[in-house]
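Participant: Build the 3D model from these lines:
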Amino acid sequence: MGAWDHRIAHARLVVLAIVLLILILILILASLGPGLGQAFAASPSPIAASPGTSTSGAKVVLRVGWTHEPDNLNPFIGTMFSSYQVFNLTYDVLVGIDPGTMAPQKGESAAGLATDWTTSPDGKTWTFTLRHDAAWQDGSGPVTARDVAFSYNQIIDNELANFAPYLTGIKHVTAVDDYTVRFDCTQPKADVLYNTNLVYILPEHIWSTVPVTTLETSFQNKPPIVGSGPFQTVTFKKGGYVQMEANRSYWRSAPKVDEILFEAYTNEDTMAQEMKSGAIDACTGLLDAQLRMFDGVPGVTAEAIPADGYDNLVFNCYEPVDGGTSLGNPVLRDWRFRQALQWAVDKQKLVALAFDGNSRPGSTVIVPGFSEDPEWAWTPPADQAYSFDLAKAGQQLDAAGYKDTDGNGIRDSEGRPIRLRLVGRTENQGSQTEAKLMAGWFRQLGLKIDLQTLDSGALSDRIYNTAGGKPAPDFDMFIWGWYNALDPGAAMSNFLTSQIGGANDSSYSNLTFDQLWTEQARTLDVTKRKQLVDQLQQIIYQQSPYVVLTYFDDAVAWNTGKWTGWSRMPTNGGNPVIPYTGNASYLSVEPKTASTGTATGGGGNGLWWVVLSAVVVVAGVVTVVLVRRRRRTIEEASDG
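Facilitator: Numbering: from 1, shown residues only. Now for the predicted structure:
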């Protein structure tokens, strides 16, 4: 037998020995019983460059993917839904919402800090009783009425835009004692209970040290963030992830997972593939067409869930005042021009082509079907409702004086061709499709359209651009959207003059609208308030600072094979990944256990992950051995 034959025989012996070693390893691990398999399965599938991956099974990590990461973790600055997802898990609110009835909730089991409340006969004084068992995450002590009063008075006294509309009419909030807080209002206030679900209770001992001038401008609220909620935000890496650790002392009971990782994706398809493979446990921001990827995938539920929100085309309506400037085209300040474009949008086609049918054509800014007794959404009468009619759109532009005066195919304003920038968002394929379709329709009307895509951050910079400390919005038209709050006044507050530079992204201003909004906020009679809210919707529908494009669905997926306890908000058909309000789903979700027929975390395959890892390592060894032998053989051959 030559040297080469000896080498072949030796390699065979090595491979045989390794195979025997694998078999022995399998028998040993199997003899240790299901407990070991469960322990290993508690560790989520590892993802490169992600923290919190457990190799021992000691830490239970829930991984959630999103395509829209927080814009800011300061509640007075952040506006993205993902920011509010973090806020809802970090902080408590005063009044909780019952997930079944979607009504304000009293009692010790309520989701808010208040267990009871009363109001004076004139509706001007509200008194809330607080629970005694809520505490700050840094161990500094209980959440008291002083913290509640501080949180509200900071907004009221400094007119902090993100929350000020919700507190209109509240003069001052007083801590009567450690667990009683009183709201004194200048007028009856119809929206107190729903709006106290929107304001986060902040620790006075931390936020009182923040300079007021930086609260809604530059203060970043860097992790670790102290709240009283079920999770503490400990890390935020822009473009990476938000890491949240369970608050084991949370008053509603400790979360059943140790950590949540909200992981940022720039590509929806990549996120969908990771969800399908089990690398993440839930995701939001899927493209509607991707839902079909999960057909027949065991252990994954994927749905397009109707949301109380809408996509919209936003016009730059800013009328420069008090030193402000507008970098938008002046034609957009004319509501007749804006209204004409309502007739140039085929919403049925947007639904079909941009959202694969998973949305509905929109009309008014309050979404139908999300309230009852009364239904707050106003339905435009047939003789006022817009439809897709390019001829009528052109006629209205002609009547408003925007004609093609020189015959070059482009309409003019004050002797100059009308040129408008239309922006879709880079991270939202639906908005890009909508923008392309609308650009085509608007061009058919004789408007020169520059189609652009920007990421949300860059677009926000243009919307809230300033010059010399004054508003200077730098856009013409863009496509984005809003989730509505529960109270109709909150949904309509986006058009208040006082919200320019805040939620009023169109910079629309109308004195009559402002007065009607104030009136509805203090009208306790529901029937009369409904009439006022209808009038507000009619003004916006006519003057068109927005074109409401679609009432969208949230395309989400969540793993039901590895995890149980997902809860919907609202209970009837709500969203377990993006709760409508509150944090119930992330409190109740937990790994399935052996008693339910599925091992913790990774299903029933914890042992097999170990075995598979061993096989991979051994295969690697075999490969290395054989590669080295080939290389050595070549070297020997070359040595002659």
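
Participant: where does the chain have low pLDDT?
Facilitator: 1-57, 594-640 (pLDDT under 70).

Participant: residue closest to the middle of it?
Facilitator: Taking C-alpha atoms, centre = their mean, the centroid of the chain lies closest to residue 81, which sits 2.6 Å from it.

Participant: Give me the nearest residue to residue 361, chain neighbours excluded.
Facilitator: Closest residue in space to residue 361, ignoring its immediate chain neighbours: residue 347 at 3.7 Å, by C-beta to C-beta, 6 or more residues apart in numbering. In this view, the C-beta of every residue, glycine as well, is placed from N, C-alpha and C.

Participant: ok, the one you found touching residue 441?
Facilitator: No. The criterion here is C-beta atoms under 8 Å, and residue 347 misses it with residue 441 at 11.2 Å.

Participant: Which stretches in the stretch 151-300 of the chain count as helices?
Facilitator: 192-195, 204-207, 268-277 (DSSP state H, counting those that start in this stretch).

Participant: Tabulate those helices in TSV, adding columns for distance to residue 297.
Facilitator: Shown next, in TSV, are those (distance: least, C-beta to C-beta, whole Å):
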stretch	distance to residue 297
helix 192-195	38
helix 204-207	44
helix 268-277	6
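
Participant: Give me whichever of these is most buried.
Facilitator: Mean neighbour count (mean count of other C-beta atoms under 10 Å) peaks for helix 192-195 among these, with a mean of 24.

Participant: Work out the gap between that one and the centre of the chain.
Facilitator: Distance of helix 192-195 from the chain centroid (C-alpha atoms, centre = their mean, to the nearest Å) equals 21 Å.

Participant: Show me the contact partners of it.
Facilitator: 95, 97, 104, 117, 119, 126, 166-167, 183, 185, 485-487, 489-490 (C-beta atoms under 8 Å, 6 or more residues apart in numbering).

Participant: Domain boundaries for this structure, per the record?
Facilitator: Domain assignment of the chain by automatic domain parsing yields the ranges 3-42+604-639, 59-76+229-299+560-601, 92-223, 310-553.

Participant: Ok, which of the ones you listed comes nearest residue 86?
Facilitator: domain 59-76+229-299+560-601 (5.7 Å; C-beta to C-beta).

Participant: measure residue 512 to residue 302 for me?
Facilitator: Using C-beta to C-beta, to the nearest Å, residue 512 is found at 45 Å from residue 302.

Participant: Please say which of these two ends up with more neighbours.
Facilitator: Comparing residue 512 with residue 302 by other C-beta atoms under 10 Å, the one with more neighbours is residue 302, at 20 against 10.

Participant: Tell me who's in contact with residue 136.
Facilitator: 142, 143, 203, 205, 226, 227, 228.

Participant: what helix or strand is residue 449 on?
Facilitator: strand 448-454 (DSSP states H and E).

Participant: Tell me which residues of that strand come out buried.
Facilitator: Neighbour-count burial for strand 448-454 flags 449, 451, 452, 453, 454 (criterion: 16 or more other C-beta atoms under 10 Å).

Participant: Make a markdown table from these and add distance to residue 338 to it.
Facilitator: Converted to a markdown table, the buried residues of strand 448-454 look like this (distance: C-beta to C-beta, whole Å):
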| residue | distance to residue 338 |
| --- | --- |
| 449 | 15 |
| 451 | 19 |
| 452 | 19 |
| 453 | 23 |
| 454 | 21 |
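
Participant: Please name every helix or strand in contact with the lengthiest strand in the chain.
Facilitator: In the chain, taking DSSP state E as the definition, the longest strand is strand 300-315. Counting contacts by 3 or more C-beta pairs under 8 Å, 6 or more residues apart in numbering; DSSP states H and E, strand 300-315 packs against helix 429-444, strand 477-483, strand 546-559.

Participant: The longest one versus helix 268-277: what angle between them?
Facilitator: Counting by axes from the mean of the first three to the mean of the last three C-alpha atoms, to 10 degrees, helix 429-444 points 150 degrees away from the direction of helix 268-277.

Participant: swap in the shortest one?
Facilitator: Following the same axes, to 10 degrees, one obtains 30 degrees for the angle between strand 477-483 and helix 268-277.

Participant: Number the chain from 8, please
Facilitator: Noted, 8 is the first residue going forward, which turns the last one into strand 484-490.

Participant: residue boundaries of the helices in the stretch 8-157 of the chain?
Facilitator: 10-38, 41-48, 88-97, 152-165.

Participant: how about the strands in the stretch 208-357 of the chain?
Facilitator: In the stretch 208-357 of the chain, the strands defined using DSSP state E, counting those that start in this stretch lie at 238-244, 248-253, 266-271, 289-291, 307-322.
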